[in-house]
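Colleague: Need coordinates for the following:
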Amino acid sequence: MSANDRVVVLKADPAYRRRVRLVYATCVPLALVLFLLLRQMGLPVLVEHLRRSGDDAFRLFKVMGLVSMVIPLSACVYLFRLGRRIQVCQQVPLPGTKVIRDTPVVSGLAARRLGTTIVGLSIVAALLVAFVAVRFARL
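Modeller: Numbering: from 1, shown residues only. Now for the predicted structure:
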C-alpha cells in the first residue's frame, strides 16, 4: 500500500455531536406533539371552515398548497448547490465540515460522481415538485 492509497478519516467533533443530539432530542418530541395537536384540533377546524366557505376556501386552499411547494423546492436548491460544491471541491465531506462520527473522506473521481448524482437527483426532484404544483394549480 503506497502513501497515496492511504484512507483519510475526518475526526468527529464531540461538541458538535452533543449539540446535534440535543437539537434532535428537543425537536423530534416537539414536532410529534405539534403534529398530534394539529391532527386532533386543527384539521377538524380547517375542514369545517372549508365546508362553510365554499369557493373562497377552495381558492385559499390552492394558494396554501402552492405556497407550501416552496419547502421541497428550497430543499432541491440546497441539494443542487451541495452537489455543485462537491463537484468543484472533489471531496466529501466538504472541507471545513464538522462530523458527528469519524468519517472517511471520499475524494477525486468518486466524489465528483457523487456530486453529479446529487445534482441530477435534485433537478429531477425539482421537476417533480413543479409538476405537482402545476397539477395542483389546475384543480
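
Colleague: residues in contact with Leu139?
Modeller: Shown here is Leu139, whose contacts under the criterion Cβ atoms under 8 Å, 6 or more residues apart in numbering are Lys62. The C-beta positions use only the backbone N, C-alpha and C, and glycine is treated the same way.

Colleague: Do me a favour and get the end-to-end distance for stretch 81-98?
Modeller: 18 Å (Cα to Cα, to the nearest Å).

Colleague: mean confidence score for that stretch?
Modeller: When the per-residue pLDDT values of stretch 81-98 are averaged, the result is 96.

Colleague: so how far is that stretch off the chain centroid?
Modeller: With Cα atoms, centre = their mean, to the nearest Å as the basis, the distance from the averaged C-alpha position of stretch 81-98 to the chain average is 17 Å.

Colleague: tell me which strands and helices the lengthiest helix in the chain is in contact with?
Modeller: Counting residues, the longest helix in the chain under DSSP state H turns out to be helix 109-137. Taking 3 or more Cβ pairs under 8 Å, 6 or more residues apart in numbering; DSSP states H and E as the contact definition, the neighbouring helices and strands of helix 109-137 are helix 55-68, helix 70-89, strand 91-92.

Colleague: Quick check, Leu114 in contact with Gln90.
Modeller: No: using Cβ atoms under 8 Å, Leu114 is not in contact with Gln90; the gap is 9.8 Å.
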